[in-house]
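[1] Have a look; sequence and predicted model below, questions after that.
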Amino acid sequence: MSFITDAAKYYAAQPHQDAAWEYLWASLDEYTQDCFKDAYRDAPEAPEVEPIITLEVFEQLTGYAASLFKQSEADDCNKLLQVTGFDQDMEATCMLMANILHETCNLKFLKELADGWAYEYRSDLGNDEYGDGPLYKGAGVLQLTGKHNYSRLCAAIGDPRIMEGVDYVADVYPFRSAETWIHENYLLACAQQEGFDAVCVRINGGWNGYDDRLAKYNICRRVLL
């Protein structure tokens, strides 16, 4: 039974793991399934953690009806906050979410509107094959761009399908697409040590749209704090 135990150890309910787990479970005989259930039946359950982001919270933050959002989007947002540590600091979360709301026009655009051909054969982005520009154009809330950056996200999350490109990432990881960038740019420390203005500059590189970012920050604080 060690192989199913090992599989369970690394199972994290990620989209790319679900089908593999279901296939593996279906391949087991009933006796092995029962043994596995008995072994884990008495394990203490982890306490349920109330999610920070729900569809209703999306509605309050954006002004768009909750029905326009997908549960998978809220789940992915909560996962991003968790893996980056923002879930432990709600003030910092407000700073991040305000900038995300600005960058996406209140979560309306999760893919870059341009066709991506401007990125074709951009060596600094790792686009070295025909079609890489459109395939790896901006995806997600902070516009993950370029084959090199997609590949680093792929390694961090462990989902090879990320390399299928912008449509897959925008649909499955609209928020976690920003995970590697947030880590590598020490965004949580920036929020905690330098404050909202510094987060805006770190994300935008300047002061574009500052008034809107600030207005959204105030909305986030009203809703989330």
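    Cool, the structure landed.
[2] so who does the residue positioned nearest the centre of the chain touch?
    Closest to where the C-alpha atoms of the chain average out (Cα atoms, centre = their mean) is R176, at 1.6 Å. Contacts for R176 (Cβ atoms under 8 Å, 6 or more residues apart in numbering) come out as D76, K79, L80, V83, G140, L153, I157. The C-beta positions use only the backbone N, C-alpha and C, and glycine is treated the same way.
[3] Swap in 6 Å and give it another go.
    R176 is in contact with D76, K79, L80, counting by Cβ atoms under 6 Å, 6 or more residues apart in numbering.
[4] from the residues you listed, which ones fall inside helices?
    Secondary structure assignment by DSSP state H places D76, K79, L80 of the contacts of R176 in helices.
[5] can you list the weak-confidence ranges in this structure?
    Flagging of the chain using pLDDT under 70 yields the residue ranges 1-25, 31, 33-48.
[6] coming back round to it: of the contacts of R176, which is the most crowded?
    Of all the contacts of R176, the highest neighbour tally under other Cβ atoms under 10 Å goes to L80, namely 25 neighbours.
[7] list the contacts for that residue?
    Shown in contact with L80 (Cβ under 6 Å, 6+ apart): F175, R176.
[8] Kindly recompute the last result at 7 Å.
    By Cβ atoms under 7 Å, 6 or more residues apart in numbering, the contact set of L80 is F175, R176, A178, E179.
[9] cool, I203 as well?
    Contacts for I203 (Cβ under 7 Å, 6+ apart) come out as N99, L142.
[10] What of the one 10 residues further on?
    Shown in contact with R213 (Cβ under 7 Å, 6+ apart): A98, N99, H102, C200.
[11] leaving aside the residues next to it on the chain, what's closest to Q143?
    E112 (6.0 Å; Cβ to Cβ, 6 or more residues apart in numbering).
[12] That neighbour - how many residues pack around it?
    19.
[13] let's have the chain start at 30 instead
    With 30 as the first residue, the last one maps to E141.
[14] wait, which of the ones in helices among the contacts of R205 is closest to G160?
    Compare each of the ones in helices among the contacts of R205 with G160 using Cβ to Cβ and the shortest gap goes to D105, at 26.5 Å.
[15] Spatially nearest residue to the closest one (excluding sequence neighbours)?
    Counting by Cβ to Cβ, 6+ apart, D105 lies nearest to F204, which is 4.5 Å off, once chain neighbours are set aside.
[16] Could you measure from that neighbour over to D104?
    Separation of F204 from D104 (Cβ to Cβ, to the nearest Å): 9 Å.
[17] So which of these two has more stuff around it?
    Set side by side, F204 and D104 show more neighbours around F204, with 24 against 17, by other Cβ under 10 Å.
[18] mind checking how far the nearest residue to the residue nearest to the centre of the chain once chain neighbours are set aside is from G162?
    Counting by Cβ to Cβ, 6+ apart, the nearest residue to R205 once its immediate chain neighbours are dropped is L109, at 4.9 Å. Note on L109: its distance to G162, by Cβ to Cβ, is 26 Å.
[19] and what of N237?
    Using Cβ to Cβ, N237 is found at 23 Å from G162.
[20] Between these two, which has more neighbouring residues?
    Just comparing N237 and G162: by other Cβ under 10 Å the higher neighbour count belongs to G162, 22 against 10.
[21] quick check, nearest of the contacts of R205 to C123?
    Ranked by distance to C123 (Cβ to Cβ), these are led by L109 at 14.4 Å.
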